[in-house]
Structures are given as structure tokens and as C-alpha cells.
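Chemist: The following block contains a protein sequence and its predicted model.
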Amino acid sequence: MRIAFIGLGNMGAPMARNLLKAGHDLVVFDLVSAAVESLVAAGAQAADSPRSAAAGAAQVLTMLPSSPHVRQVYEGEAGILAGVAAGVPLIDSSTIDPQVTRAIAAAAAAQGNPMADAPVSGGTGGAESGTLTFMVGAEVSVFDRITPTLAAMGKRVVHCGGIGTGQAAKICNNLVLGVSMLAVAEAMNLGVSLGVDPKLLAGVMNASSGRCWSSDSYNPYPGVLEGAPAARGYTGGFGTDLMRKDLGLATDAARHVRQPVAMAALAQQLYELWSARGGGRKDFSSIIELLHHD
């Protein structure tokens, strides 16, 4: 199947590669030419705009940083909606405001294009290994139609309800992730300050009630997990600025429905502070450096 893939960042590029491995004919676009060239070398075709990428595609998939980027890529003069044929399903795997998702979906529907929001969980490792979880908001008929495409990039494809519910589920998941990482970072710093070996402490937590993904799979303390960003200077992975953005989405969404999210609000401010102090491009687990006291 001919698929247009737009957005070849840390997550999008490996996702696109898995579609190539599954045998799909891929047309790609990104503002970073090196990212496009890398996919072309792997067998994809390059497009000069989202509009030209979408022209002739049987499905269109986007993976972009934020709501303004998604609006521009879909609704801009050289955007997807200007080039895609009627009836072609559109899949957005970005993590953005559910209200923006619904607005773009309405514009797409007006010209005959069904849309699904399909944000992911699993990080860059999951993107590379094809083991992502997709949280999908779409009509059932659209969900059934796009599931084979998503299954080529992930091990779980979950139907969350109508358009926008995938974003809602992702925002809630990342709320837990951001808060739990802060708790693990605090505990690791405290334990080491009290004289406990960090690997031993992590082992105790991971065999006890403190166990969570932030501890057993992504521990923020250097030297505890060989494959975690903490073992490579907090490079790669999921950036602090992305976590800051996602927690901002959670607090904004909560405001709309008058739902208190005190832990999310505090976590968002801590990641804001860490970003302001230069940690924005580091993996979000580097928040442990903000919380560390010599």
C-alpha cells in the first residue's frame, strides 16, 4: 500500500522504517533533509511538501511535535488536506490537544476524509522494535481499516472510542509517567544520599510496591540500567520539552472539564523549571539532575 508519512523525528523515523519492512510503498516528508535522505536510502520516496506526499497515497500518517505543527501540516496551503484524495484515511500519531484533533477531523470529514488520532506509548525503543502501543480515537469502521497499518509498527492497537479519545488516553498515560519519574528520581537521590547502592535500591523498589516503568525499565539514576538514557548522558529518548508539553496538555484539558490534577500541575512546573535551566533537550529522566543536591 502507498502510505504518506510526515514527521521523521526520533519516533517517526523508526516507525516509518517498520512500514518499509512490512512491504509498504512509502512517501516521506520532513523539514529536516537529513531525516528524509535517511529514509530514502532505506527505500522510501521523498516528497517536497505534505500536500505532494499525500497526493496518490492510500493512507496518510503524521508524527509531529505539537498542535501548531499538526494544524500547519494538515490545513496549511501546502498541507495534507490540499492534496489528499477523498476517502483516504488520515492517521495522526502526534500527541496534541484533543480539541485540535477534533477540529482537524471535522475539516477532513468535510472533504470526505475519515481521520483517526493514534498517539503512541513505548518510546523510541518501542518505535525501533515495532512494539508500540497505539491508543486510537476513531469510528469503528475507520479503526478496522487502519489497524493493519498500525500493527506493522506496534504490538497493541487499542480502540479508545471516538475521535479525540486516543489523545485523552495518551495524555492521562503521560501524566502518570511524568509524575512517577519525579517520584523515582526523588527516591533514588534520597537513597544514594543515605548510603544505599543505586543498583541495590532499584532492585528493592522493582521487587516491591514502588515498582513502576520509570524505575524498572527507565531508571533515571546513571549506571542502574545499561539501556536507559541515564546510561548515555540522557541523550535520545523522550525529551524534557516533550514531557513539559504533554503535562501542559493534561492541565489544559483538566481545566476544560473542571477536573483537579494537582500532581500533574506540580510536575509540569518542575519540568518547566528544568527546561528553563537548560535541560529541555535532554531525556525527561534527566529531571533527576534538577532534584539532586550535592
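Modeler: Happy to help now that I have it.

Chemist: And the longest helix anywhere in the chain, what's buried?
Modeler: In the chain, with assignment by DSSP state H, the single longest helix is helix 165-193. Residues of helix 165-193 classed as buried by neighbour count (16 or more other C-beta atoms under 10 Å): 165-171, 173-182, 184-185, 187-189, 191. Using the backbone N, CA and C atoms, a C-beta is placed for each residue, glycine as well.

Chemist: Also stretch 68-79?
Modeler: Result for stretch 68-79 [16+ other C-beta under 10 Å]: buried residues 69, 70, 71, 73, 74, 79.

Chemist: just stretch 52-59 next, same as before
Modeler: For stretch 52-59, burial by neighbour count (16+ other C-beta under 10 Å) applies to 52, 53, 54, 55, 57, 59.

Chemist: If we go by neighbour counts, what in the longest strand seen in the chain is buried?
Modeler: Looking across the chain with DSSP state E, the single longest strand is strand 154-161. By 16+ other C-beta under 10 Å, the buried positions in strand 154-161 come out as 154, 157, 159, 160, 161.

Chemist: Same question for stretch 4-11.
Modeler: Buried residues in stretch 4-11, counted by 16+ other C-beta under 10 Å: 4, 5, 6, 7, 8, 9, 10, 11.

Chemist: Repeat that for stretch 13-23.
Modeler: If you call a residue buried by 16+ other C-beta under 10 Å, then stretch 13-23 has these buried ones: 13, 14, 15, 16, 17, 18, 19, 20, 22.

Chemist: Which residues are in contact with the first one?
Modeler: Under the criterion of C-beta atoms under 8 Å, 6 or more residues apart in numbering, the contact list for residue 13 reads 35, 38, 39.

Chemist: Just put these in JSON lines and tack on distance to residue 104 and pLDDT.
Modeler: Converted to JSON lines, the contacts of residue 13 look like this (distance: C-beta to C-beta, whole Å; pLDDT from 0 to 100):
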{"residue": "35", "distance to residue 104": "23", "pLDDT": "97"}
{"residue": "38", "distance to residue 104": "28", "pLDDT": "97"}
{"residue": "39", "distance to residue 104": "24", "pLDDT": "98"}
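
Chemist: Quick check: of the residues you listed, which has the highest neighbour count?
Modeler: residue 39 (24 neighbours; other C-beta atoms under 10 Å).

Chemist: From what I see, that residue and residue 28 are in contact.
Modeler: Yes - contact status for residue 39 versus residue 28: in contact at 4.8 Å, counting by C-beta atoms under 8 Å.

Chemist: shared neighbours of those two, which are they?
Modeler: In the contact map built from C-beta under 8 Å, 6+ apart, the residues linked to both residue 39 and residue 28 are 5, 8, 16, 46.

Chemist: Report the secondary structure state of the second one.
Modeler: When you say that, I think you mean residue 8. coil (DSSP: H, G, I helix; E, B strand; the rest coil).

Chemist: What of the first one?
Modeler: Recorded secondary structure, residue 5: strand (three-state DSSP).

Chemist: now it, nearest residue through space, not along the chain?
Modeler: Ranked by C-beta to C-beta, 6 or more residues apart in numbering and with sequence neighbours excluded, the top spatial neighbour of residue 5 is residue 16, at 4.5 Å.

Chemist: quick one: the one you found from residue 69, how far?
Modeler: Applying C-beta to C-beta, to the nearest Å, the value for residue 16 to residue 69 is 17 Å.

Chemist: Quickly find the element holding residue 226.
Modeler: Under the criterion DSSP states H and E, no helix or strand holds residue 226.

Chemist: CA atoms only for the helix or strand of the chain with the lowest mean pLDDT, dumped as CSV, please.
Modeler: One helix or strand of the chain scores below all others by mean pLDDT, DSSP states H and E: helix 123-129, with a mean of 90. Presented in CSV, the C-alpha positions along helix 123-129 are these (Å, rounded to 0.1, in the frame of the first residue of the first chain):
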residue,chain,number,x,y,z
GLY,A,123,9.3,5.4,23.5
THR,A,124,12.0,5.3,20.9
GLY,A,125,12.9,1.8,21.8
GLY,A,126,9.3,0.7,21.1
ALA,A,127,9.3,2.6,17.8
GLU,A,128,12.5,0.9,16.7
SER,A,129,11.4,-2.6,17.7
